[in-house]
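Chemist: I need the structure of the sequence given here:
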Amino acid sequence: LAPAGTGKTNTLACRIANILAEGRAEPEEILCLTFTNKACREMKERIVLRAGEGGRRVLVRTFHGFCYDVIKTEAKRHSDLFADFTIFDEADCLAIIRDLLSEDWPVRSVQSLIALLKEVRTAYGFQTEDAEADYKAALQKLMDEDPAAVRKLAVTEHYQFYRQLFESWQVWGPTIAARYDARLHDVHGLDFTDLIVQAEALFAQEDIAVKWARRFLYINIDEVQDTSELEYRILSRIFGSSRLLLCGDYFQTIYEWRGAKPEYFVDFNLHYPSCETIILDENYRSTPEILDLGNALIKHNQ
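Modeler: Residues are numbered from 1 along each chain as shown. Below is the predicted model of the structure:
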């Protein structure tokens, strides 16, 4: 448990340097995951600074980067995966969606709704040859069990609830999602959600999950409060018998709007009662006066 400014990245780097110095693992047997490119670069720099040249061989990835590695590796063995796939960034994906829409809907909101449908489709196994029918089934499941998730994403460009989009999406959403997939498929493209969905589908195969789990003796996951349900399912399948370190802070959750479930982090010791909780509570970034003032304010939060 590491609030902002308590030296979490440095602690993580020192831990890895110690593992390597004591010969507990080879660098390639250590996996470090985080959720942004900036955090990934900083983590790699700190590890190299503390561990020396051996630290360069430690696998430090963003979550999406790790999924990319998995798909790229397994594509060589699975004929139904494109080995020459291209990652489409957000601008590319928004351009495709904009081209598919017949009306002037907020494109980023539509993109978020498509991503949500992809995750639900995968989670419930709606995987037939008829993508549109699959997405209709996924949307029906979502509206039956969690319509608030759709309401949360059906917003204007200023993040206000957009009732017309909420209602219209239930009519044409599955069709747009299927056409969007088809456009990507035609050019061997994957978007960021596809990386997670494809990796999850691969790790659902026991032999693949076991192989990747055995590859790492130590797994370190940073900013774990930002993990979504689908991402957590992927991670939990490679925990295996490795020594696992989760780093995070419930109060720094900023991605709940896109599906992050900090409850997995908070309740982790309920599912794994033998785990040890370490609290970093000395702040190196702020003075006591600033911290006291901040705490006095957030006491009033709902």
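
Chemist: wait, what's in contact with Gly52?
Modeler: Contact partners of Gly52, counting by CB atoms under 8 Å, 6 or more residues apart in numbering, are Ala17. No exception for glycine: its C-beta is placed from N, CA and C like everyone else's.

Chemist: other SSEs contacting the helix or strand of the chain with the lowest mean pLDDT?
Modeler: Within the chain, no helix or strand scores below helix 263-266, which has a mean of 78 by mean pLDDT, DSSP states H and E. Contact partners of helix 263-266 among helices and strands, from 3 or more CB pairs under 8 Å, 6 or more residues apart in numbering; DSSP states H and E: none.

Chemist: and the contacts of it?
Modeler: 224-225, 227, 229, 232, 246, 248, 250.

Chemist: just stretch 115-125 next, same as before
Modeler: With CB under 8 Å, 6+ apart, stretch 115-125 has contacts from 126-127, 134-135, 137-139, 141-142, 149-150, 153, 173-174, 177, 191-194, 196-197, 200-201, 228-230, 258-259.

Chemist: do that again at 6 Å, thanks
Modeler: 134-135, 138, 141-142, 177, 193, 197, 200, 230 (CB atoms under 6 Å, 6 or more residues apart in numbering).

Chemist: give me the mean pLDDT for it.
Modeler: Averaging pLDDT along stretch 115-125 yields 89.

Chemist: likewise for stretch 28-44?
Modeler: 93.

Chemist: okay, and the beta partners of Leu190?
Modeler: Ile87 (DSSP bridges).

Chemist: what helix or strand does the residue nearest to Val110 when sequence neighbours are not counted sit in?
Modeler: Nearest non-adjacent residue to Val110, counting by CB to CB, 6 or more residues apart in numbering: Ile97, 5.4 Å away. Under the criterion of DSSP states H and E, Ile97 resides in helix 90-100.

Chemist: buried ones in that helix?
Modeler: 93, 96-97, 100 (16 or more other CB atoms under 10 Å).

Chemist: pLDDT below threshold where in the stretch 201-302 of the chain?
Modeler: Residues of the stretch 201-302 of the chain that meet the criterion pLDDT under 70 lie in 255-259.

Chemist: try 80 this time
Modeler: Along the stretch 201-302 of the chain, segments meeting pLDDT under 80 span 229, 240-241, 250-262, 264-266, 302.

Chemist: helices of that one, start to end?
Modeler: 206-215, 229-236, 263-266, 268-271, 288-298 (DSSP state H, counting those that start in this stretch).

Chemist: in CSV: the ones you listed, plus distance to Thr9 and mean neighbour count.
Modeler: Below are the helices of the stretch 201-302 of the chain laid out as CSV (distance: least, CB to CB, whole Å; neighbours: other CB atoms under 10 Å):
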stretch, distance to Thr9, mean neighbour count
helix 206-215, 24, 15
helix 229-236, 19, 19
helix 263-266, 17, 18
helix 268-271, 20, 12
helix 288-298, 19, 10
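
Chemist: and which of the contacts of stretch 115-125 is nearest to Lys38?
Modeler: Thr193 (20.9 Å; CB to CB).

Chemist: and for that closest one, the neighbour number?
Modeler: 20 (other CB atoms under 10 Å).

Chemist: measure it to Glu29 for me?
Modeler: 30 Å (CB to CB, to the nearest Å).

Chemist: okay, and which of the contacts of helix 263-266 map to strands?
Modeler: Using DSSP state E to define strands, the subset of the contacts of helix 263-266 located there is Leu246.

Chemist: just the buried ones from the contacts of helix 263-266, in PyMOL syntax?
Modeler: To isolate the buried members of the contacts of helix 263-266 in PyMOL, using 16+ other CB under 10 Å:
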select buried, resi 224+225+227+232+246+248
